[in-house]
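Student: Sequence and predicted model, in that order:
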Amino acid sequence: MPQGIYINVSRRNEDVFEMLDDYTQMKDFEDQSKADTVIGILRSYPKLITYKRRCHQLEKQLEELGVAY
C-alpha cells in the first residue's frame, strides 16, 4: 500500500520549489518525478557527508604540511 509524504515549507524556504525544479532538470534526475528527485537527494546525503568529512581531513593534513590549497 503506497504511503504519501507531505512537506510543509515555511515562507523563509519558499525557494525550495524552484531548487527542486532545478534539480529535476539535472542529468541524474531529468527523467524522474519531483518525488523521486527528493528521494534521490535524500539517498545521496550520507555520501555527501562522508565526502565532506574526507575533504576536511585532507585540508587539515595540507595545513599540517604547510601546503596552501
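Tutor: Structure received.

Student: contacts and neighbour counts: CA atoms only from here.
Tutor: Noted.

Student: what pLDDT does residue 8 get?
Tutor: Residue 8 is assigned 74 on the pLDDT scale.

Student: I'd like to know how far it sits from residue 17.
Tutor: According to C-alpha to C-alpha, to the nearest Å, residue 8 stands 11 Å off from residue 17.

Student: Between the two, which is the more surrounded one?
Tutor: With neighbours defined as other C-alpha atoms under 10 Å, residue 8 and residue 17 compare such that residue 17 has more, 12 against 7.

Student: Is the more buried one in a helix, a strand, or coil?
Tutor: helix (DSSP: H, G, I helix; E, B strand; the rest coil).

Student: per-residue confidence at it?
Tutor: Residue 17 is given a pLDDT of 82.

Student: helices and strands around the top helix by length along the chain, which ones?
Tutor: In the chain, taking DSSP state H as the definition, the longest helix is helix 34-65. Applying 3 or more C-alpha pairs under 8 Å, 6 or more residues apart in numbering; DSSP states H and E, one finds that helix 34-65 contacts helix 16-24.

Student: what inclination does the helix it packs on have with respect to helix 34-65?
Tutor: 80 degrees (axes from the mean of the first three to the mean of the last three C-alpha atoms, to 10 degrees).

Student: List the buried residues for helix 16-24?
Tutor: 23-24 (16 or more other C-alpha atoms under 10 Å).

Student: again, but for stretch 50-59
Tutor: Applying 16+ other C-alpha under 10 Å to stretch 50-59 flags no residue as buried.

Student: Stretch 24-34 spans what distance, first to last residue?
Tutor: 6 Å.

Student: Show the backbone phi and psi for residue 27.
Tutor: When read as degrees, to the nearest 10, the backbone of residue 27 gives phi -50, psi -40.

Student: Next, count neighbours for it.
Tutor: Neighbour count for residue 27, taken as other C-alpha under 10 Å: 8.
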